[in-house]
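Asker: quick one, what's the 3D model for this:
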Amino acid sequence: IPVYNASCYIRECLDSIISSKTNIEIICINDGSTDNSLDIIENYRKKDQRIRIFSQTNQGLSSARNKGIELSLSDYLIFIDADDYITTNAITLLTSFVRKNCFDIVLFNFSAHEPIEESYEIEIESTNKTRILEGVLSMEISTSVCYCIISKKIFIENRIKFPPKKYYEDAFTLHKITHYSKSPCKIKNTFYFYRTTPGSITNSTDINKVDDLFLSIDVIYKYIESKNYPEYSYLAEGRFCIFINSILKNINQDWFNSDLLKYFLHKTINACKKYRINISIIYTFFYTTFKLNLNYFEILSKTFGRF
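Answerer: Numbering: from 1, shown residues only. Modelled structure (predicted):
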């Protein structure tokens, strides 16, 4: 659990985990919190000796996760963000399931809006690695590692680490984990509740996030090229469209008073040229977003008109 200024949510997160009596270690990486998050975690550790705490200067989510992997003594890993929570029986069911069936990664579902009903039996959706990898590449299956239980061996044997100081760090990583998996499984169960907070990475946009978004797309295209999977190009195009649409959904009024929107627009156009993506699909996303703002719709029309 990477923890940075999560005092409003960390209790609910920890409560959902410690309710499981399974023999686990709960590693909290205090990533330079300036609120009382560390005090809260330390109080929980007094009640539950399974909790381990490591504090570091603020280095970001990827660094905190990498440190957690390094410190872990367990065979399997579950990543949980400090402002989210899981169902109370998730860990018990998942750990039993992976050990019984010898899966090295199990991908499950999440909810961002509705309360989660507890599952009492695992429902398998697929164990076909090709199908699961296709789902991750296209984002039909979420790219977040928070919605998985993963064998630590995959990280260690293949030297997989989360990229430091990058946004969308999961988009750089989960396809690698799935690629190196020998026995993956996708299940139908929902175990994870994702909370959207005002300052969350996925709920705001700046120039660094725009750059990292396009870099993560480039990583996928290079992966497809390096593995000689030309038939997967359409999956990367689908991912590209999902990312563009998600950024546009987070546009706020500040965008209309800065150069960020123009920057994003031109990055998008250049990416479409580079990856030979159908420009009409992207135009539709922008049109839907900008049609009520005549100034930017004019810029949009001129830019796409030059393409």
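
Asker: assign the nearest residue to residue 54 once chain neighbours are set aside to helix, strand or coil.
Answerer: Closest residue to residue 54 in three dimensions, ignoring its sequence neighbours and counting by Cβ to Cβ, 6 or more residues apart in numbering: residue 29, at 5.3 Å. Bear in mind the C-beta positions are built from the backbone N, C-alpha and C, glycine included. Put simply, residue 29 is strand when judged by DSSP: H, G, I helix; E, B strand; the rest coil.

Asker: who's residue 29 bridged to?
Answerer: Beta-bridge pairing for residue 29 (DSSP bridges): residue 2, residue 54.

Asker: mind listing what it touches?
Answerer: Counting by Cβ atoms under 8 Å, 6 or more residues apart in numbering, residue 29 makes contact with 1, 2, 3, 54, 55, 56, 64, 65, 67, 68.

Asker: all helices of the stretch 101-250 of the chain, in order?
Answerer: In the stretch 101-250 of the chain, the segments counted as helices under DSSP state H, counting those that start in this stretch are 129-138, 152-157, 174-180, 207-226, 233-249.

Asker: redo the ones you listed as JSON lines? Include mean pLDDT and distance to residue 42.
Answerer: Converted to JSON lines, these look like this (pLDDT from 0 to 100; distance: least, Cβ to Cβ, whole Å):
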{"stretch": "helix 129-138", "mean pLDDT": "93", "distance to residue 42": "37"}
{"stretch": "helix 152-157", "mean pLDDT": "98", "distance to residue 42": "26"}
{"stretch": "helix 174-180", "mean pLDDT": "96", "distance to residue 42": "32"}
{"stretch": "helix 207-226", "mean pLDDT": "89", "distance to residue 42": "32"}
{"stretch": "helix 233-249", "mean pLDDT": "80", "distance to residue 42": "36"}
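
Asker: which of these sits most buried?
Answerer: helix 174-180 (a mean of 21; mean count of other Cβ atoms under 10 Å).

Asker: packing partners for that one?
Answerer: Helices and strands touching helix 174-180, by 3 or more Cβ pairs under 8 Å, 6 or more residues apart in numbering; DSSP states H and E, are helix 129-138, strand 148-151, helix 152-157, helix 207-226.

Asker: and the ones you listed: which comes nearest residue 18?
Answerer: Nearest to residue 18, of all the helices and strands packed on helix 174-180, is strand 148-151, at 17.4 Å by Cβ to Cβ.

Asker: which parts of this protein are strands?
Answerer: Using DSSP state E, the strands of the chain run over 2-3, 26-31, 51-56, 76-77, 85-86, 105-111, 124-126, 148-151, 184-193.

Asker: and the residue nearest to residue 54, how far is that from residue 218?
Answerer: Counting by Cβ to Cβ, to the nearest Å, the gap from residue 29 to residue 218 is 29 Å.

Asker: I'd like the strands of the chain as JSON lines, with mean pLDDT and distance to residue 13 appended.
Answerer: Shown next, in JSON lines, are the strands of the chain (pLDDT from 0 to 100; distance: least, Cβ to Cβ, whole Å):
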{"stretch": "strand 2-3", "mean pLDDT": "98", "distance to residue 13": "9"}
{"stretch": "strand 26-31", "mean pLDDT": "98", "distance to residue 13": "10"}
{"stretch": "strand 51-56", "mean pLDDT": "98", "distance to residue 13": "12"}
{"stretch": "strand 76-77", "mean pLDDT": "98", "distance to residue 13": "16"}
{"stretch": "strand 85-86", "mean pLDDT": "95", "distance to residue 13": "5"}
{"stretch": "strand 105-111", "mean pLDDT": "96", "distance to residue 13": "14"}
{"stretch": "strand 124-126", "mean pLDDT": "97", "distance to residue 13": "26"}
{"stretch": "strand 148-151", "mean pLDDT": "98", "distance to residue 13": "17"}
{"stretch": "strand 184-193", "mean pLDDT": "96", "distance to residue 13": "10"}
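
Asker: just to revisit the earlier point, mark which of the contacts of residue 29 are buried, thanks.
Answerer: Those of the contacts of residue 29 that meet the buried threshold are 1, 2, 3, 64, 65, 67, 68, by 16 or more other Cβ atoms under 10 Å.

Asker: closest to residue 78 out of those residues?
Answerer: Nearest to residue 78, judged by Cβ to Cβ, of the buried ones among the contacts of residue 29 is residue 1 at 9.5 Å.

Asker: tell me who's in contact with the closest one.
Answerer: Residue 1 neighbours (Cβ under 8 Å, 6+ apart): 10, 13-14, 17, 26-29, 68, 79-82.

Asker: just residue 65 next, same as before
Answerer: By Cβ under 8 Å, 6+ apart, the contact list for residue 65 reads 2, 29, 79, 145, 162, 169.

Asker: coming back round to it: out of the contacts of residue 1, who's nearest residue 36?
Answerer: When the contacts of residue 1 are ranked by distance to residue 36 (Cβ to Cβ), residue 10 comes first, at 9.6 Å.

Asker: skipping adjacent residues, who's closest to the most centrally placed residue in the chain in space?
Answerer: The centre of the chain sits closest to residue 144, judged by Cα atoms, centre = their mean, with a distance of 2.8 Å. Spatial nearest neighbour of residue 144, chain neighbours left out: residue 170 (4.8 Å); criterion: Cβ to Cβ, 6+ apart.
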